[in-house]
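> below is the structure, and that's it, no one-letter string:
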């Protein structure tokens, strides 16, 4: 049976063998939630880059640039890191370059040897689960965390994805067992529970409650977010099944 | 109010400020459980050392040497890492030097700047909690994990200790909230739950079921294990209250 593991921080990912794995990178608040929202709203592609300066240079190549540091929009960038900015196809057809505090680093660190990189969010939980169930590789969920530390919302997503894949994938990984159990303990009132998370409090301090609630919406979109070359693109699952 | 944090792996401890913290190092299977058992059984002191060779050299200085790698006793060592070896005051009055796969490294990494280092185990959960409640410093629980990865049993101990200190210490730390919630979800049948952990399975494969059950016994001993200089010693709590 195929296996699934959970890496709780980019600071731990060197301990995992990425070879031939499908890596699902998750940064619920807000990088991967925002990326999925952009891709579901007809953005052409999203290029994750590691630092602000590299991201700025993409502007000259016709990209819209999006940047965030420590939960706040980066100065001089057209977009911050709010998923709401992309709604109603606001950037349909555009190419976006994005850099965030945690999410883009986690994507970069997921590359060596891996077969495929997806980005995950509660917004497309079951789309990702359904897509994964059609493949053959083992899976690693890579939580972006907060500056290297464990965070609640990414690990709860990991638990939710493992639960959704319970019939397809097995695990011999303590973090997989723990996060599935944690999710099952918290899922009845997930929003109240995650509001206690440190990053949720940080966003509340910045008056970003609408972003929090949006990022915790389940299955709003039916696309999968996938890295192709250096760009994230959105795919409808049925396209993958052909 | 005093604060408590949880670091889930020695690979993450550089992200925490140890200055003036009381660090509680935990390696349930089996380093810290074994150390607490030894100290409660009248061992004079336990010196944790990083590697097998250094540990061997302690023999010439009159120490009993104890060593374990990957869950198995190290070759040529008088003792492995089983808590049962120390029962009935078998090594009363002796000085022990010990090296283990994860626990001794976690102790070493807890030193820079910290005010005090304790070792924790389910075996003396409330003794440690009571002692901590008499002090004034903030607390960091440092889980030894397994070769840098998260493990279930150490993080459940963290959750148990946080629950025991709920009236004395607060937290703004996602791993503290998560592990307390996980412990509360699992505590009704903790032994069955931890038997699913990867290290528990490893020990079962080595026919060490008696060690597992022993390490999960709650409050068998009323001592605190504390690093004084380079040596761990056992203290009755009431001595500390004087």
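Ah, there it is. Just so you know, these numbers come straight off a predicted model, no measurement behind them. Numbering: from 1, shown residues only, chains lettered A, B, ... in the order given.
> contacts and neighbour counts: CA atoms only from here.
OK.
> for the spatially closest residue to residue A:111 that is not a sequence neighbour, give its distance to residue A:54.
Excluding the flanking residues, the one nearest residue A:111 by CA to CA, 6 or more residues apart in numbering or on different chains is residue A:117, at 7.4 Å. Going from residue A:117 to residue A:54 by CA to CA, to the nearest Å gives 21 Å.
> so for these two, which residue has more residues nearby?
In this comparison of residue A:117 against residue A:54, neighbours counted by other CA atoms under 10 Å in any protein chain shown, the higher total goes to residue A:117 at 24 against 13.
> ok now the helix or strand where that one lies, how far from the chain's centre?
Secondary-structure assignment from DSSP states H and E places residue A:117 in strand A:116-120. Averaging C-alpha coordinates over strand A:116-120 and over its chain gives two centres that are 8 Å apart (CA atoms, centre = their mean, to the nearest Å).
> residue numbers of chain A in contact with chain B?
By the rule CA under 8 Å from any CA of the partner chain, the part of chain A lying against chain B is A:8, A:11-12, A:15, A:148-152, A:172-175, A:177-178, A:181-182, A:185, A:197-198.
> mark which of these are buried, thanks.
A:8, A:11-12, A:148-152, A:173-175, A:177-178, A:181-182, A:185, A:197-198 (16 or more other CA atoms under 10 Å in any protein chain shown).
> residue ranges with poor pLDDT in chain A?
When the per-residue scores of chain A are filtered using pLDDT under 70, the ranges that remain are A:238-242.
> as a quick check, tell me the outermost residue of it.
With distances taken as CA atoms, centre = their mean, the residue sitting farthest from the centre of chain A turns out to be residue A:60, at 26.8 Å.
> distance of it from chain B?
In this structure, residue A:60 and chain B are separated by 37 Å, where distance is defined by CA to the nearest CA, to the nearest Å.
> do the same with residue A:65
Plainly put, residue A:65 is 30 Å away from chain B if you go by CA to the nearest CA.
> quick check, that residue in a helix?
No. Using DSSP: H, G, I helix; E, B strand; the rest coil, the secondary structure at residue A:65 is strand, not a helix.
> my read: it touches residue A:76, true?
No. Under the criterion of CA atoms under 8 Å, residue A:65 makes no contact with residue A:76, lying 9.2 Å away.
> pick out whichever of those two has more residues nearby.
A direct count of neighbours by other CA under 10 Å for residue A:65 and residue A:76 places residue A:65 higher, at 23 against 11.
> and the more buried one, how far from residue B:176?
When distances are taken as CA to CA, residue A:65 and residue B:176 turn out to be 36 Å apart.
> repeat that for residue A:200.
15 Å.
> who's more crowded, those two?
More crowded of residue A:200 and residue B:176, by other CA under 10 Å: residue B:176, with 27 against 20.
> do I have it right that the more buried one meets residue A:198?
No. Counting by CA under 8 Å, residue B:176 does not reach residue A:198; the two are 10.8 Å apart.
> residue A:166 sits in which helix or strand?
Under the assignment here (DSSP H and E), residue A:166 is part of no helix and no strand.
> so residue A:46, which state does it fall into?
Quick answer, by three-state DSSP: residue A:46 is strand.
> likewise residue A:97?
At residue A:97, secondary structure determined by three-state DSSP is strand.
> residue contacts, it?
Taking CA atoms under 8 Å, 6 or more residues apart in numbering or on different chains as the definition of contact, the neighbours of residue A:97 are A:46, A:47, A:48, A:49, A:55, A:58, A:63, A:64, A:65, A:66.
> between those residues, which is closest to chain B?
When these are ranked by distance to chain B (CA to the nearest CA), residue A:49 comes first, at 23.4 Å.
> tell me the bridge partners for the closest residue to that closest one other than its chain neighbours.
Setting aside the residues directly before and after it, residue A:49 is nearest to residue A:99 in space (CA to CA, 6+ apart), at 5.2 Å. Residues in a beta bridge with residue A:99, per DSSP bridges, are residue A:67.
> so residue A:99 makes contact with residue A:48?
Yes. When contacts are counted by CA under 8 Å, residue A:99 is listed as touching residue A:48 (5.9 Å).
> pretty sure residue A:55 contacts residue A:49?
Yes. Shown here, residue A:55 and residue A:49 form a contact pair, counting by CA under 8 Å, at 6.2 Å.
> chain neighbours aside, what residue packs nearest to residue A:42?
Once flanking residues are discounted, residue A:42 sits nearest to residue A:92: 4.5 Å by CA to CA, 6+ apart.
> can you check residue A:62 too?
Spatially, and ignoring its direct neighbours in sequence, residue A:62 is nearest to residue A:95 (7.6 Å; CA to CA, 6+ apart).
> what's near enough to touch that neighbour?
Applying CA under 8 Å, 6+ apart, we find residue A:95 in contact with A:43, A:44, A:45, A:46, A:47, A:62, A:63, A:64.
> are any of these buried, and if so which?
For these, a neighbour count by 16+ other CA under 10 Å gives the buried set as A:43, A:44, A:45, A:46, A:47, A:63, A:64.
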